[in-house]
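> just need the structure, nothing else, for what follows:
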Amino acid sequence: MSDTPELFDRLRRFPDVEAPNLFAVDAADRLILDEAADALAAAPAGTVVVIGDHYGALTAGVALVHGIAGVRVHQDPLTGELALVNNARELGFSDAFTSHRLDEELLSGARVVLMQLPRSLAELAEIAQLIALHADPAVRVFAGGRDKHITPAMNKVLGESFSDVSASRGRQKSRVLKASEPKAEVVVTFPMAERLDEFDLDVVAHGAVFAGASLDIGTRLLLENLGKIAVDPLSDVIDLGCGSGILAAAIARKFPDVHVIATDQSSAAVASALATASANGVGDRVSGLRDDAVSSLPSASADLVLLNPPFHVGAAVHTGGALKMFEAAGRVLRPGGELWTVHNAHLGYREPLKAAVGPSEAMAKNAKFIVMKSVKPS
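Down below sits the predicted model:
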């Protein structure tokens, strides 16, 4: 792995948020590749799969250091997928991999699976179930992460799908969980569904979706205040960062004449939002769009944007993602259109919202969250 340090120095996060405290590679990437070196050397062509590669470090290591082609890759966030494409073009390994959904095509016949451990146990469970179901019986899984994000529960989740689960020695505050011998009785339990009787809504969610099929408290506050929306005319709505699609389904049911675009950079979120819309009888008026902050939508094309923005980028607390989404909302709103945002009250987003969209005022507040209405000037 002598070429790895120089290789990793050339990787970028772009088009994701870039900042001095945000990196395109971490110690877990390096450790995963080292722990899997022997398995990679023995893997037949076309049997290596990479899941959750943040910005391309794992795929680059497999392709350039180990000389393996035909790598199948799944990255839930679009920004990670685009970063991999950019890095591959820059480093010259674009022909070594193909991108896939998290499904049978990705995993069929896989002998070696490298992955960054997701933060969500539900996401890990869905991935593990699919590997056990579709990969070669001799598959070996190398799932790494930073020590501070690895919990004993992850071993248990992997143990539900694999008979042999162990952990590597730690290095640079990172560790790799290794799994093999997939269990024959494994069934895929995702997407999951939950009923929100309070709002008469059915929620469907894949494992990678924030809050799963439940209702997080920020979305709850915005949901409780949808009745205050009085945009006129109202025909085109965007649920920006849609997650499981709760807001998209709710707004479509409240306003029977609107069309809603449920958009997120997460492929799991978009699939979940479409399933949630269908479960609530509004699938014909909700469309899904996997996009990076609605960059593919035309300017001045929406009357209303709903947004529960992230307050972190990956594992780091960072406002860059939210500010990017505010600017995107300001671009796609028509004059007179409104952005309704729910966020942690202490973040003080009033001025950024005013700068990105227009005059902003608080519409509701509880002990932790605030709902803001921002109006784009006519």
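> just the strands in the stretch 1-150 of the chain please.
48-51, 71-74, 97-99, 112-116, 140-146 (DSSP state E, counting those that start in this stretch).
> neighbouring strands of the second one in the sheet, and parallel or not?
Sheet pairing for strand 71-74, assigned by DSSP bridges, gives strand 48-51 (parallel), strand 97-99 (parallel).
> show residues contacting it.
Applying Cβ atoms under 8 Å, 6 or more residues apart in numbering, the contact partners of strand 71-74 are 48-53, 59, 62-63, 84, 96-102, 105-107, 110. Placement of C-beta: from N, CA and C, glycine included.
> PyMOL command for the buried members of the residues you listed?
The command below creates a PyMOL selection of those among those that count as buried (16 or more other Cβ atoms under 10 Å):
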select buried, resi 48+49+50+51+52+53+59+62+63+84+96+97+100+102+106+107+110
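> could you pull up the contacting residues of Gln116?
Applying Cβ under 8 Å, 6+ apart, the residues near Gln116 are Ala28, Asp29, Ile32, Ile51, Gly52, Asp53, His54, Leu58, Ala143, Gly144, Gly145.
> dump the strands of the stretch 1-150 of the chain to JSON lines, plus distance to Glu351.
Below are the strands of the stretch 1-150 of the chain laid out as JSON lines (distance: least, Cβ to Cβ, whole Å):
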{"stretch": "strand 48-51", "distance to Glu351": "40"}
{"stretch": "strand 71-74", "distance to Glu351": "39"}
{"stretch": "strand 97-99", "distance to Glu351": "39"}
{"stretch": "strand 112-116", "distance to Glu351": "35"}
{"stretch": "strand 140-146", "distance to Glu351": "34"}
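> in a markdown table, list the ones you listed along with mean pLDDT.
Formatted as a markdown table, those follow (pLDDT from 0 to 100):
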| stretch | mean pLDDT |
| --- | --- |
| strand 48-51 | 98 |
| strand 71-74 | 98 |
| strand 97-99 | 98 |
| strand 112-116 | 99 |
| strand 140-146 | 98 |
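> out of those, flag the one nearest Ala293.
strand 97-99 (19.8 Å; Cβ to Cβ).
> and the strand or helix carrying Thr341, average pLDDT?
In this structure, Thr341 is located in strand 333-344 according to DSSP states H and E. Confidence for strand 333-344, expressed as mean pLDDT, is 97.
> could you do stretch 271-284 as well?
Taken as a whole, stretch 271-284 carries a mean pLDDT of 98.
> centre of the chain to that stretch, how far?
Offset of stretch 271-284 from its chain centre (Cα atoms, centre = their mean, to the nearest Å): 19 Å.
> buried sites along it?
The neighbour-count check on stretch 271-284 (16+ other Cβ under 10 Å) flags Ala271, Ser272, Ala273, Leu274, Ala275, Thr276, Ala277, Ser278, Ala279, Asn280, Val282 as buried.
> next one: phi and psi at the first one?
The one in question is Ala271. Main-chain dihedrals, Ala271, degrees, to the nearest 10: phi -60, psi -40.
> which residue sits closest to it, ignoring its sequence neighbours?
In space, and not counting its chain neighbours, Ala271 is closest to His206: 6.0 Å by Cβ to Cβ, 6 or more residues apart in numbering.
> likewise the fifth one?
Once flanking residues are discounted, Ala275 sits nearest to Val204: 3.8 Å by Cβ to Cβ, 6+ apart.
> partner residues bridging the one you found?
Counting by DSSP bridges, Val204 is bridged to Ala193.
> correct me if wrong: Val188 contacts Glu126.
Yes - Val188 lies in contact with Glu126 (Cβ atoms under 8 Å); the separation is 7.1 Å.
> quick one: which of these two has more around it?
Taking neighbours as other Cβ atoms under 10 Å, Val188 and Glu126 compare with Glu126 leading, 23 against 14.
> quick revisit: and which of the buried residues of stretch 271-284 is nearest to Ile238?
Closest to Ile238, out of all of these and judged by Cβ to Cβ, is Ala273, at 11.8 Å.
> what's the pLDDT at the closest residue to the closest one other than its chain neighbours?
Closest residue in space to Ala273, ignoring its immediate chain neighbours: Gly245 at 2.7 Å, by Cβ to Cβ, 6+ apart. pLDDT recorded at Gly245 is 98.
> hang on, the earlier thing: pretty sure the residue nearest to Ala275 is touching Ala277, no?
No - using Cβ under 8 Å as the test, Val204 is too far from Ala277 to be in contact (9.0 Å).
> per the record, what domains does this protein have?
Domain ranges of the chain: 4-182, 192-375, per automatic domain parsing.
> the longest one: end-to-end distance?
This means domain 192-375. Start to finish, the residues bounding domain 192-375 are 36 Å apart (Cα to Cα, to the nearest Å).
> what's the spacing between that domain and its chain's center?
15 Å.
> cool, the shortest one as well?
Between the mean C-alpha point of domain 4-182 and the mean C-alpha point of its chain there is a distance of 15 Å (Cα atoms, centre = their mean).
> sketch out the low-pLDDT regions of the stretch 201-350 of the chain for me.
Within the stretch 201-350 of the chain, the segments meeting pLDDT under 70 span 311-320.
> change it to 50
Where the stretch 201-350 of the chain drops to pLDDT under 50, the residues are 312-318.
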